[in-house]
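Chemist: Build the 3D model from these lines:
(2 chains)
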Amino acid sequence: MKDDFAEAADPREEEEQPAAAPPPLAEAPPPAESKTPGLNSVLKRARPVVERVAGVTARGLTVTGRTLRRFFKKDSVPNLVLVMFLLTVVTASCVGIVVSVTEDRIAEGKAESFAEALGTVFPGLELTFAPSGIGENIYEGRDGNGQLAGFSILVSPKGFSGFVDMVVGVDTLREVTGVTVVRHRETGDYSAVLTQGISEALAALDRGLQP
Amino acid sequence: MTQTGKQFKNGIIDQNPVLVLLLGMCPALATSSSMTDAAGMGFTTTAVLLCSGFTISALRKLIPEKIRIAAFTLIIAGFVTAADFLLQAYAPATADSLGIFIPLIVVNCLVFARAEVFAFRNGVVRSSLDGLAMGMGFLAALLAIAAIREMLSAGTLFDFRVLPESFPAVTIMAQPAGGFFAVGLVVAAMQLLKRKGKAGVSV
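Modeler: Residues are numbered from 1 along each chain as shown, chains lettered A, B, ... in the order given. Presented below is the predicted three-dimensional model:
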């Protein structure tokens, strides 16, 4: 209770100070020759108004701050809640802004690398890929003239530490044009094993044997 | 030495996060198998340290002691998320190779420790500099470890071949066990350096 009275005493004292502030500013030397006399006179007349408004705003903010502080005391639960709430709102907004600024670029990059991955099984050809109606992971590749050149099929067989994402290319003659590993989660050594296994399987296919 | 100089010396040598304070060991071990990864991780962590140091120091008067841990986590997570998206957009290769370790910067003990020990108790300029200095120390340590690991396992540094092809590749250095070996070596080297620096102390 005592603290409340002490704080109630302060605003009255503080109110006298801003009133003392304007006079010193009014004694400031007038601006030296101005190249725009019209603007100069507008500024001269605007200054006391601006000072008044600034004074009132400062006082209003101080009183508001003080009343808020009275309710939201430093370690009280309402203050904890308020601070966390404000922090969360501000942080989330900033992250939201960053996300919205970057999402187009990220989507572009993903589409580009996806198209690149589909094209790796048709080396030397420039194809554009579109989802074919045949299956979910089957994309048809058409060359510059719109001619169907082949299909890229996404497969994900199980590896030792997750799935191995691969692309299999099949051309219009039902020949396998190539297999590339897009992403694997194996440890470093096993990628060599993977590559070797794929080339052996393809070689066996070429010979007409079951891989 | 100026105050700023002292802070940098502190961050890079006297209190090097990985080699002296032993903080942030997990990303140090995981991302130091190649120097490009190490550099990426080092720079990202430095950015997060700098930004979180600045922000937490700026807000230190407003955050009540009781919830400072939650507030730190929130602020650091915000910056790491922003860094993650920015990396994915503007440096997708780095984001891909660092993978899950970028979001893991949130729980990097180093960032949290500097927030608690330094940023929450010091001014904005000092805290930003501390974040920068610690980040540089982290980067330097990571690069040192990665140099050993990459050189021995692949014979390259930053993907430039340094050792002749005939050099036998010590592939274990690219794996977690090798990471521990390399970290142990560099920590020991740092301890040796520090003790030799103190005149008259026998190792």
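Chemist: Show the contacting residues for the spatially most central residue of chain B.
Modeler: The geometric centre of chain B, computed from its C-alpha atoms, lies nearest to B:Phe138 (CA atoms, centre = their mean), at 2.7 Å. Each residue near B:Phe138 by CB atoms under 8 Å, 6 or more residues apart in numbering or on different chains is listed here: B:16-18, B:24, B:28, B:42, B:45-46, B:49, B:110. Quick note: C-beta positions are derived from backbone N, CA and C, even for glycine.
Chemist: what do you get for B:Ile13?
Modeler: With the criterion set at CB under 8 Å, 6+ apart, B:Ile13 makes contact with B:137, B:193-194.
Chemist: Which of the residues you listed fall within helices?
Modeler: B:137, B:193-194 (DSSP state H).
Chemist: which residues are contacting the lowest-mean-pLDDT helix or strand in chain B?
Modeler: When the helices and strands of chain B are scored by mean pLDDT, DSSP states H and E, strand B:160-161 comes last with a mean of 86. For strand B:160-161, the external contacting residues (CB under 8 Å, 6+ apart) are B:Gly155.
Chemist: now the ones in helices among the contacts of B:Ile13 in JSON lines, with neighbour count, distance to chain A and pLDDT?
Modeler: Listed next are those as JSON lines, based on neighbours: other CB atoms under 10 Å in any protein chain shown; distance: CB to the nearest CB, whole Å; pLDDT from 0 to 100:
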{"residue": "B:Gly137", "neighbour count": "28", "distance to chain A": "27", "pLDDT": "95"}
{"residue": "B:Leu193", "neighbour count": "11", "distance to chain A": "31", "pLDDT": "88"}
{"residue": "B:Lys194", "neighbour count": "15", "distance to chain A": "34", "pLDDT": "87"}
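Chemist: Going by neighbour count, which residues of the helix or strand containing B:Val111 are buried?
Modeler: Under the criterion of DSSP states H and E, B:Val111 resides in helix B:109-114. By 16 or more other CB atoms under 10 Å in any protein chain shown, the buried positions in helix B:109-114 come out as B:110-112, B:114.
Chemist: Of those residues, which is the nearest to B:Val124?
Modeler: Distance to B:Val124 across the buried residues of helix B:109-114 (CB to CB) is lowest for B:Arg114, with 13.9 Å.
Chemist: any idea how far A:Gln147 is from A:Gly133?
Modeler: 18 Å (CB to CB, to the nearest Å).
Chemist: quick one, which of those two is more surrounded?
Modeler: Comparing A:Gly133 with A:Gln147 by other CB atoms under 10 Å in any protein chain shown, the one with more neighbours is A:Gln147, at 10 against 7.
Chemist: what's that one sitting at in phi/psi?
Modeler: Dihedral pair for A:Gln147: phi -80, psi 140, per degrees, to the nearest 10.
Chemist: residues touching it, list them.
Modeler: For A:Gln147, counting by CB under 8 Å, 6+ apart, there are no contacting residues.
Chemist: how far away is it from A:Val121?
Modeler: From A:Gln147 over to A:Val121 (counting by CB to CB), the distance is 17 Å.
Chemist: what does the model give the nearest residue to A:Lys73 once chain neighbours are set aside for pLDDT?
Modeler: Leaving aside its sequence neighbours, A:Lys73 sits nearest to A:Asn79 (CB to CB, 6 or more residues apart in numbering or on different chains; 6.1 Å). Here the pLDDT value assigned to A:Asn79 is 86.
Chemist: Next one: A:Asn79 from B:Lys66, what distance?
Modeler: Taken as CB to CB, the span from A:Asn79 to B:Lys66 is 9 Å.
Chemist: and those two? which has more neighbours close in?
Modeler: A:Asn79 (19 against 15).
Chemist: Report the contact partners of that one.
Modeler: So A:Asn79 contacts A:72-73, B:64 (CB under 8 Å, 6+ apart).
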